[in-house]
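Colleague: coords below, sequence missing:
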Ligand SMILES: Nc1ncnc2c1ncn2[C@@H]1O[C@H](COP(=O)(O)OP(=O)(O)OP(=O)(O)O)[C@@H](O)[C@H]1O
Ligand SMILES: Nc1ncnc2c1ncn2[C@@H]1O[C@H](COP(=O)(O)OP(=O)(O)OP(=O)(O)O)[C@@H](O)[C@H]1O
Ligand SMILES: [Mg+2]
Ligand SMILES: [Mg+2]
């Protein structure tokens, strides 16, 4: 089926960049390399910025990013081409032991701006709020900041964690925590907050009622070579869609 | 110590006394010298590289931006002052905690503890250098941070305190092993003298053996500090990373290294990115300053500089 | 007064050791509790057949084997580069250098020691970009580059300890060679170095451990999460510490998180193995020195 | 407290002392009782165990690997004969009272002054000025003062062999122990300085109990109140004052023995 | 090549030699010409510069910090008088021909055997068996063989003081240099062994040019072909065979000088 397009092809594809992409990339690489041992695919992380830079410099064939290529980057590497292959929702998360279950966007903004500092102010227990934020390089932060926080200035005392996994760990362990993470990462250890009455689920993201979403991209430098094109097609095909959904993202057709 | 004042030395082949034309320099010394020179060059290369990449900031006179208190890249504020302060606070306090402990452990190994325990303890410490940093970070996220949060009921537990405790454990073996390898050389020769004079072991170590291994003590402090300043993962994982100057040990801080790790993945051309190298340069200069200072102190402490 | 000082020192040394041991014990206990249950062939080879995986005939997925090989190669390469250089430089500083040069060198070595590892990584990365634009358009981050940057990282440890070990030899020992008409070089290599061997080995052990565990350097210079066994010196590779970091940051399930602890245990054993070989080497050297 | 030597009471009793290193016996069945005043001089061929016997008296042999001892040693400490190996005796305290000067000078790798000041500081509770006065006093006693008074701050390791030996003697004297164990204290001194040191020892015997190793017959004759001859780890002969005074006995004896 | 000492031609010429350490003069205007056979013995008070003069002959002073020298030293090397400081002369080769035994024994912290084998291996091109034969030979010469033959593999640092000194002498003899500089070779040896070593030296003077430091008048009388008396860094007197033979001169002279 899907893997037939690789027959007769050979060579190597180096992939680097956004970390959210890695599970999907790994699935694809594994399937392709098992079917055709002449092809070598390596997958590295590094973050969205690194992905763009590496593909721009020609160090890798595919550079992943969790955001669109910025204007400055486009200026430096004008030949970049982006392929969006999945949609990812971002949801505020709190500790499962927290009695709060829903918040309004304004409340969340006030919390992240440092105006609300105690859970009792939003209907919870009398306890200090511990805010967890992501770094500036994070695509997750970028979309959450734009679409949920409305670009307010986040309070400087907020803790900063370097990845989705670390965010989950931090919130899962701290009863007073609030943070945000990719919907794909939500499991029993954290509680996703109902935002303005809309539950952050894949269905709500697809049907557009949940607004805090972003796209995941693969970027190439100029027109992709046949092998790279085949890889992109494969990820965006039926097998790819299955894997994308399995990892908590929403495939783009 | 050897031969530093011997002026010209030559290595004539064989047992001949004279070699009329063209003395043969033994290639070995040349090799050694080039190794040393090469190592020195690396430093300058590193320095040049950091300077080159942060040059734009200097040329364009935007240095003032760096030395402000606020890191808000989206609003065009690139202050890395909080990170510098955070780095120094963390590294110095970790060293201040680990160094005396390391010294205590060394003294234990060198005669204050039962001889039977010394060797296993040393092996334990040596083995500890192999524990990856990331493991320390991870264990303290699950063990230490919740503990601190519950103990002090203030802040989230991700804090200067958590980072410094973890970091102290990380740099402890470095300190112990460096002091130990020096003491190991010095002690046997001096011990008999001291002990025959009726000087107790504690005082012998404190007043005779330790001063005689001053170079090792200094090396331990420098390498320990270097390790503390240079560590990325522990700070990243447990210090909280809030880019502000902390009010107390329970507050979250961000170090320059964690900062670099956090920012390195953004777009490569922005001021944000250049500020990284400036941060690196500042780290570099900081260690340079501290080293110079230590040298001063040391040369004042023993002016003859001899006898080691 | 005297008694008080004595008591204080003794007390402090016991206190330090107890504190250290309890901290270490809790760390190890935690690691073992989470890591031991995950140990097994599956951790190393996933669902690939073991024999073929070891020989590199079958690609191993989501398991440790490639990372083990990668780390071993990485440490070996870095040691190969740094050991001769660092020990030679240390010897030169201790036994040959003019005082002036010695001073300058010591300072720069101390500077190198204080340089954060992530900067070494940045350096390597920038170096590759530079090479691509100038001499080698095909240059890329690789095992060789990562080992090179790691070598930079451990270099100061080697120089420091070598020099310190030689410097602290007793004066009488240093006079033996010249008195017998040995050349300076012979004195250094046949008398001073063997006598300083123990101290130097200490530095080597430190350096090897450091090379095996560092993550920040290799992160930017060629390690990736999924490379399989390394394809030559210029290929990408996997490494244990990076795998731990990656799993810790990006784990999707509890099982993945647990396997991070398993990986940490394996890395611990690996460095333990490195020590043992260094230790054996040391013993052999000492034996040969004493018994011809 | 000034120690005074009371004659005619034994101050050192050794009974059936055996010492071995790594299983090789070095001292065999040593029985000895030292009582009267005067300096005890140990004579004997190189390797006969003289140094080891001295080291047995301040328990310094214990600091060497492979050491094994049996037998009893009693010294007069604080007025009473005490077994030095009994657990109540602290080795450190013992060694403070039983000072030793080694055969090869072992200066500390630091300045001349510090070589003397440091042990004083660590072992006694004199204040700074007293310490400095004491230093000058002992340096004068060993005839080193004039040679080093201008360079007290320089490293002791650059002193000549004889100067180092005198420095080590001064270092021990400064601590005013009750016993002095001297392992060839004048081995590398010219005869003039040797004689001065011998005179010093003769003076000191009033206040210290002195046991010295020597290789010089002349010296032994001059200073000894008692001579003990060792060979192969055993005491083969003892001479008291009369025996020493007789001009023939000693050389004859030694010629026979060696 | 067996070196042979030819009499009546000078083999060592020193002209206006000054040596200072860190600006303090240690040797002042030394002029010396050694010619006839026989052993040259240096006498003088402790600290008078004897060791420094010996070290000047194999340029070992250069290995100490702060060293400064002026003046010329010529030694007969390979048949000709040569200035030892000229750039064509390799220090290493010089030191191989001018062997030195130090005042304080400095054994290598390794086995007794290796202490002797290692320098032999590095300096000569004897094969294994020849080396071992040579070792036994020199150990017998210095009268150490019987004491150590069963423990050649044990550490040299545990030897007694006198044993170490003989080991160091043996180590230098094994290399068969042309000159022997001996800094108090019998300082810590009993008189019996001392005499044996003296006899050895008297034998060796046929094949080696020997300069020795001594503190014993008796010894100097016995072995010296010439005595040089030093004081405060200067040569204050020289005695040839006749002067030495006369029983009064020497003690008188020394009494005066010191
Ligand atoms: N620590 C030790 N370990 C093993 N053997 C030792 C040790 N100390 C001394 N010996 C051996 O014991 C014997 C006696 O040594 P000791 O030093 O007592 O002799 P000595 O009489 O002082 O000789 P000298 O006059 O040469 O100094 C020697 O054969 C020596 O090798
Ligand atoms: N390396 C050095 N640096 C500084 N001063 C030195 C050095 N070597 C010797 N001296 C000084 O030079 C003087 C002469 O020393 P030297 O060792 O030659 O004396 P010596 O005649 O051998 O005495 P001794 O009989 O005590 O061994 C001494 O005062 C000594 O302190
Ligand atoms: Mg002895
Ligand atoms: Mg001398």
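Modeller: Received the coordinates, thanks. Computed from a predicted model, the values in this text were never measured in an experiment. Ligands and ions are numbered 1, 2, ... in the order given.

Colleague: Helix or strand: which one has the closest residue to chain B within the stretch 1-150 of chain D?
Modeller: For the stretch 1-150 of chain D, the residue closest to chain B is residue D:96, as judged by CB to the nearest CB, at 3.3 Å. Backbone N, C-alpha and C define where each C-beta goes, glycine included. Using DSSP states H and E, residue D:96 maps to helix D:91-97.

Colleague: Need the contact partners of that helix.
Modeller: B:195-201, D:58-60, D:62, D:75, D:77, D:84, D:123, D:175, D:177-179 (CB atoms under 8 Å, 6 or more residues apart in numbering or on different chains).

Colleague: Which members of those residues occur in strands, if any?
Modeller: Counting by DSSP state E, those place D:75, D:77, D:179 in strands.

Colleague: Determine the number of other residues adjacent to the one residue in chain C that gets nearest to ligand 4.
Modeller: Nearest residue of chain C to ligand 4, counting by CB to the ion: residue C:175, 12.9 Å away. As a burial measure, residue C:175 scores 20 neighbours (other CB atoms under 10 Å in any protein chain shown).

Colleague: and the closest residue to it other than its chain neighbours, what helix or strand is that in?
Modeller: Excluding the flanking residues, the one nearest residue C:175 by CB to CB, 6 or more residues apart in numbering or on different chains is residue E:106, at 6.1 Å. In the assignment (DSSP H and E), residue E:106 maps to no helix and no strand.

Colleague: Residue E:106 reaches residue C:176, doesn't it?
Modeller: Yes. Between residue E:106 and residue C:176 a contact is recorded at 5.4 Å, counting by CB atoms under 8 Å.

Colleague: More neighbours: which of the two?
Modeller: Neighbours per residue (other CB under 10 Å) separate residue E:106 from residue C:176, with residue C:176 holding more: 23 against 19.

Colleague: Next, give phi and psi for the more buried one.
Modeller: phi -60, psi -50 (degrees, to the nearest 10).

Colleague: mind listing what's buried in the helix holding residue D:96?
Modeller: The neighbour-count check on helix D:91-97 (16 or more other CB atoms under 10 Å in any protein chain shown) flags D:91-92, D:94-97 as buried.

Colleague: want to try a markdown table for the residues you listed, with pLDDT and distance to residue D:19 as columns?
Modeller: Formatted as a markdown table, the buried residues of helix D:91-97 follow (pLDDT from 0 to 100; distance: CB to CB, whole Å):
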| residue | pLDDT | distance to residue D:19 |
| --- | --- | --- |
| D:91 | 86 | 16 |
| D:92 | 85 | 21 |
| D:94 | 90 | 17 |
| D:95 | 89 | 17 |
| D:96 | 87 | 22 |
| D:97 | 89 | 21 |
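
Colleague: In JSON lines: those residues, plus distance to residue B:172.
Modeller: Below are the buried residues of helix D:91-97 laid out as JSON lines (distance: CB to CB, whole Å):
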{"residue": "D:91", "distance to residue B:172": "32"}
{"residue": "D:92", "distance to residue B:172": "30"}
{"residue": "D:94", "distance to residue B:172": "37"}
{"residue": "D:95", "distance to residue B:172": "34"}
{"residue": "D:96", "distance to residue B:172": "36"}
{"residue": "D:97", "distance to residue B:172": "40"}
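
Colleague: quick one: which of those residues is nearest to ligand 3?
Modeller: Nearest to ligand 3 among the buried residues of helix D:91-97, with distances taken as CB to the ion, is residue D:95, at 18.4 Å.

Colleague: Residue 59: how many residues sit nearby?
Modeller: This is for chain A. With other CB under 10 Å as criterion, residue A:59 counts 21.

Colleague: oops, chain D please
Modeller: 19.

Colleague: cool, the one 5 residues further on as well?
Modeller: Residues near residue D:64, counting by other CB under 10 Å, number 14.

Colleague: Quick one: residues contacting residue 228.
Modeller: No chain was given, so I picked chain A. A:13, A:61-62, A:220.

Colleague: Sorry, I should have been clearer: chain D.
Modeller: D:32, D:40-43, D:235, D:237-239.

Colleague: which intervals of chain D have sub-threshold pLDDT?
Modeller: Low-confidence segments of chain D, defined by pLDDT under 70: D:1-8, D:36-37, D:254, D:256-258.

Colleague: what separates the closest residue to ligand 3 within the stretch 201-308 of chain B from residue B:191, distance-wise?
Modeller: Going by CB to the ion, ligand 3 is nearest to residue B:204 of the stretch 201-308 of chain B, at 23.4 Å. Note on residue B:204: its distance to residue B:191, by CB to CB, to the nearest Å, is 7 Å.

Colleague: between the two, who's got more neighbours?
Modeller: For residue B:204 versus residue B:191, neighbours defined as other CB under 10 Å are more numerous around residue B:204 (24 against 19).

Colleague: excluding its backbone neighbours, what's nearest that one?
Modeller: In space, and not counting its chain neighbours, residue B:204 is closest to residue B:194: 3.9 Å by CB to CB, 6+ apart.

Colleague: what sits against residue 231?
Modeller: No chain was given, so I picked chain A. Counting by CB under 8 Å, 6+ apart, residue A:231 touches A:13, A:28, A:32, A:41, A:62.

Colleague: wait, chain B
Modeller: B:133, B:167, B:170, B:257, C:116-117.

Colleague: now residue D:100
Modeller: Listed by CB under 8 Å, 6+ apart, the contact set of residue D:100 reads B:196, D:54-55, D:58, D:60, D:172, D:180-183.

Colleague: hey, which helix or strand in chain B has the poorest pLDDT?
Modeller: Least confident helix or strand of chain B, by mean pLDDT, DSSP states H and E, is helix B:63-66 with a mean of 68.

Colleague: ok so, going back, who wins for most neighbours among the contacts of residue A:231?
Modeller: residue A:62 (27 neighbours).

Colleague: right, and that one touches residue A:21 too?
Modeller: No. If you go by CB under 8 Å, residue A:62 and residue A:21 don't touch, sitting 9.5 Å apart.

Colleague: can you tell me which residue is nearest the centre of chain C?
Modeller: residue C:208 (2.3 Å; CA atoms, centre = their mean).

Colleague: hang on, it in a strand?
Modeller: No. Counting by DSSP: H, G, I helix; E, B strand; the rest coil, residue C:208 is not found in a strand; it is helix.

Colleague: what's the pLDDT at it?
Modeller: Confidence at residue C:208, expressed as pLDDT, is 83.

Colleague: contacting residues for the residue in chain A that ligand 4 sits nearest to?
Modeller: Chain A approaches ligand 4 most closely through residue A:162 (67.5 Å), counting by CB to the ion. Counting by CB under 8 Å, 6+ apart, residue A:162 makes contact with A:134-135, B:236-237, B:241, B:261-262, C:249.

Colleague: which SS state does residue C:174 fall under?
Modeller: When classified by three-state DSSP, residue C:174 comes out as helix.

Colleague: you'd agree it is up against residue C:196?
Modeller: No. Counting by CB under 8 Å, residue C:174 does not reach residue C:196; the two are 10.9 Å apart.

Colleague: more crowded one of those two?
Modeller: residue C:196 (26 against 22).

Colleague: wait, what's in contact with that one?
Modeller: By CB under 8 Å, 6+ apart, the contact set of residue C:196 is B:185, C:162, C:165-166, C:169.
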